[in-house]
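# okay, structure incoming, though there's no sequence with it:
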């Protein structure tokens, strides 16, 4: 399942079954706990990743390497393919991040080999451009993007706010990382060890009513034990268990 906000009032998400290809586009009206199906159809089966980007979303099949760039229709009732191509197969993770004031980029990572690339999505949605490639340690199981908050954002380059957490659910190893200006690489800001076994991380932002500042938080959940933690993220490079 892939979730992405399309407007400032309502939320929308795509639900997809990779075995059957069944897909729905859905809307959750503001301040309700129900959703409405806007579109129902069938795609090709086997898409392993649906990743939001500024132009819409990227669909990727890790077995074949097939990738498409897609634009969501204005009414939310389906999407149109803008471009398609062939990537390397076996990318295990695609992590989106904001690129500049209105663009988007993504990190592609292979957990078996450690191969990693940083890429920017073209504004017209007609593909992506390679920015950086390298090799990380193998075995990272989770990447969670978030953005820091400053009292005066004008003092900082927009790239400086892009952070992400990398986590290894087997060992508990964790790092907090910054994406360098222009997407030219990464800086490790903090590394340590958490409990192993966390299966899910979900970022969210929260601020007081009427405040323009929304602070970054995340939820960590262990599907085996049912344990859940709510945490607040601070800069520089700290988090607080709530």
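Cool, the structure landed. Predicted model only: the values in this text are computed from it and were never measured. Numbers count the residues shown, from 1 in each chain.

# for the protein, give me the ranges with low pLDDT.
Applying pLDDT under 70 to the chain flags residues 1-10, 30-33, 100-102, 149-161, 207-214, 235-239.

# which stretches in it count as helices?
For the chain, no helices are identified by DSSP state H.

# can you give the contact residues for stretch 69-80?
The contact list for stretch 69-80, computed with C-beta atoms under 8 Å, 6 or more residues apart in numbering, reads 6, 12, 25, 27, 38-39, 41, 53, 55-59, 81-84, 121, 125-128. C-beta coordinates here come from the backbone N, C-alpha and C atoms, glycine included.

# list the buried ones in it?
Within stretch 69-80, the residues scored as buried using 16 or more other C-beta atoms under 10 Å are 69, 70, 72, 76, 78, 79.

# between these, which is nearest residue 90?
Set against residue 90, the nearest of those by C-beta to C-beta is residue 69 (19.9 Å).

# look up how far residue 181 lies from the closest one.
25 Å (C-beta to C-beta, to the nearest Å).

# check residue 14 too.
32 Å.

# the two: which is more packed in?
Set residue 14 next to residue 181 and count neighbours by other C-beta atoms under 10 Å: residue 14 wins out with 23 against 12.

# wouldn't the more buried one be in contact with residue 27 here?
No. The pair residue 14 and residue 27 does not pass the contact test of C-beta atoms under 8 Å, sitting 11.1 Å apart.

# what bridges to the nearest residue to residue 198 once chain neighbours are set aside?
Once flanking residues are discounted, residue 198 sits nearest to residue 220: 4.9 Å by C-beta to C-beta, 6 or more residues apart in numbering. Beta-bridge partners for residue 220, by DSSP bridges, are residue 201, residue 229.

# residues contacting residue 220?
198, 200, 201, 228, 229, 231.

# with distance to residue 34 added, can I get the residues you listed in CSV?
Compiled in CSV, the contacts of residue 220 are given as follows (distance: C-beta to C-beta, whole Å):
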residue, distance to residue 34
198, 30
200, 23
201, 26
228, 24
229, 28
231, 29
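
# among those residues, who's most crowded?
The residue in those with the most neighbours, by other C-beta under 10 Å, is residue 198 (23 neighbours).

# contacting residues around that one?
142, 167, 169, 220, 221, 222.

# and of those, the nearest to residue 190?
Closest to residue 190, out of all of these and judged by C-beta to C-beta, is residue 167, at 12.3 Å.

# quick revisit: of the contacts of stretch 69-80, buried ones?
Buried among the contacts of stretch 69-80 by 16+ other C-beta under 10 Å: 6, 12, 25, 27, 39, 53, 55-59, 82, 121, 125, 128.

# now for the residues you listed: which two are most distant?
27 and 128 (27.8 Å).

# ok, the buried residues of stretch 69-80 vs residue 113, which is closest?
residue 69 (24.7 Å).

# now residue 136, what are its backbone angles?
Main-chain dihedrals, residue 136, degrees, to the nearest 10: phi -100, psi 180.

# start the count at 53 instead of 1 going forward.
Sure thing, new numbering starts at 53, so read that last one as residue 188.

# that one is in contact with residue 165, isn't it?
No. Contact criterion C-beta under 8 Å: residue 188 and residue 165 do not qualify, at 9.5 Å.

# who's in contact with residue 214?
Residue 214 neighbours (C-beta under 8 Å, 6+ apart): 149, 150, 197, 199, 230, 231.
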